[in-house]
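# Model the structure of this input:
(chains A, B, C and D)
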2 protein chains.
Amino acid sequence: MTPEQNLDRERWERAALDALERGGLAAVAVEPLARELGVTKGSFYWHFKNRPELIAATVARWERLHVDGPLQAVATIADPRERLLELLGKAGAKPPSIFIRLLDAVDEPVVRAAVARAAEARVAFLAQAFGELGLTPAKARRQALLAYSTYVGRAHLARDAPEVLGDQAALSRHIAEQLVG
Amino acid sequence: MTPEQNLDRERWERAALDALERGGLAAVAVEPLARELGVTKGSFYWHFKNRPELIAATVARWERLHVDGPLQAVATIADPRERLLELLGKAGAKPPSIFIRLLDAVDEPVVRAAVARAAEARVAFLAQAFGELGLTPAKARRQALLAYSTYVGRAHLARDAPEVLGDQAALSRHIAEQLVG
DNA sequence: CTCTGTCAATACGGTGGCGTATGGTGAAGC
DNA sequence: GCTTCACCATACGCCACCGTATTGACAGAG
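All right, here's what the predicted structure looks like:
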């Protein structure tokens, strides 16, 4: 409620999101984060009910900053082809490390729900663009699923086997050519 | 060395691979597995030095049974187009759950190494087939990377957001058409 | 029938995280 | 200057897992 209350709660949330990126959801843990913040658990259990609440807040934060935000930003691009190239290009540029960390932690129901929402939002967004390019709705949806699958797959390869990935720029061009045409 | 020795060690390895599929690498734990097997840790530490050794054995078992095995099986198909369709079709049929569980646990160096080897082997295999279809080596490699990315991405979607995936058969046809042509 | 080696049970100590209960501090409000 | 309240520290009990040490069962070799 009060905006003041959230000032130091946000320190925890920021640190949690960083820890998630570095060490996965297991690193979003009370005592390690407290050490990192130079503080004790006493602080944490003031701002949060328990660890699940921190996880939920962290996931929600990711969803705002790394799903909805970028999607709205790209939505300003008028040309659907440009829009698609922008999206697929980002896949090659910066591997979405937090996203993959969340995929690793999908056993947690909150995480699974967020990941599923993100998938639907992104696929719908891609399908919209493909539709504007003239594909039928069904075909646009399938093409969007194909494109999103490559996005996720590349994100995995970039993290887990970058050596097989080779020249990312060349692959990016190849994918864009194959999928957008 | 002795084949007898491995009889009950193999019970552990089997159970470990099952647990991996169900609960991820965290479930490949000594005490839970002992409970499940109706036995105590005393047994485990007879057959294994420690938990890392069990994890290594489990990963190696997966690599044999779920990477090298299937690849060799499909290698018997002479026609490269048939071979590709067989591979990409399997992606839609049965989601490779153990594989994704391993992706989730790539922080463990043994797991990362195995996952990277699997990726390279599979991509090379796909590239070979695309080469036989007439693509230049560079283009075949890129196409293989594209195909493998869709494989991994679909595996994720199938597990984490099956509701956005929709009709898998239609998507399979779409992907095969787009990638193999 | 004893001895030896294989395998498992028991019992222990250690670690690391969760959550709670309670006490302390400093600043704002009166 | 006293109180109140937001905020954090201290200290505790709890649980789950790892790994070790020791003992016990039991089968086959001699």
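
# Might one say that A:A144 is in contact with A:L126?
Yes: using C-beta atoms under 8 Å, A:A144 is in contact with A:L126, at 3.6 Å. For the C-beta atoms, the positions are set from N, CA and C on the backbone; glycine is no exception.

# any bit of the helix-or-strand element of chain A with minimal mean pLDDT sitting next to chain B?
Lowest by mean pLDDT, DSSP states H and E among the helices and strands of chain A is helix A:80-93, with a mean of 89. No: judged by C-beta under 8 Å from any C-beta of the partner chain, helix A:80-93 and chain B are separated, with a smallest distance of 9.3 Å.

# Packing partners of that helix?
Contact partners of helix A:80-93 among helices and strands, from 3 or more C-beta pairs under 8 Å, 6 or more residues apart in numbering or on different chains; DSSP states H and E: helix A:69-74, helix A:109-132, helix A:137-160, helix A:168-179.

# Would you mark the buried spots in that helix?
By neighbour count with 16 or more other C-beta atoms under 10 Å in any protein chain shown, helix A:80-93 contains the buried residues A:80, A:83-85, A:87-88, A:91-92.

# circling back: out of the helices and strands packed on helix A:80-93, nearest to A:A16?
Comparing the helices and strands packed on helix A:80-93 by their distance to A:A16 (C-beta to C-beta), the top pick is helix A:109-132, with 12.9 Å.

# Alpha carbons of that closest one, as CSV, please.
Backbone C-alpha positions of helix A:109-132 (Å, rounded to 0.1, in the frame of the first residue of the first chain) are rendered in CSV as follows:
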residue,chain,number,x,y,z
PRO,A,109,3.6,-23.7,-9.9
VAL,A,110,4.1,-20.0,-9.8
VAL,A,111,7.0,-20.3,-12.2
ARG,A,112,5.1,-22.6,-14.5
ALA,A,113,2.1,-20.3,-14.7
ALA,A,114,4.3,-17.3,-15.5
VAL,A,115,6.3,-19.2,-18.1
ALA,A,116,3.1,-20.4,-19.7
ARG,A,117,1.7,-16.9,-19.8
ALA,A,118,4.8,-15.6,-21.4
ALA,A,119,4.7,-18.3,-24.0
GLU,A,120,1.1,-17.6,-24.9
ALA,A,121,1.8,-13.8,-25.0
ARG,A,122,4.8,-14.2,-27.3
VAL,A,123,3.3,-16.7,-29.6
ALA,A,124,0.2,-14.6,-29.9
PHE,A,125,2.3,-11.6,-30.7
LEU,A,126,4.3,-13.4,-33.3
ALA,A,127,1.1,-14.9,-34.8
GLN,A,128,-0.3,-11.4,-35.1
ALA,A,129,2.7,-10.2,-37.1
PHE,A,130,2.6,-13.2,-39.4
GLY,A,131,-1.0,-12.6,-39.9
GLU,A,132,-0.3,-9.0,-41.0
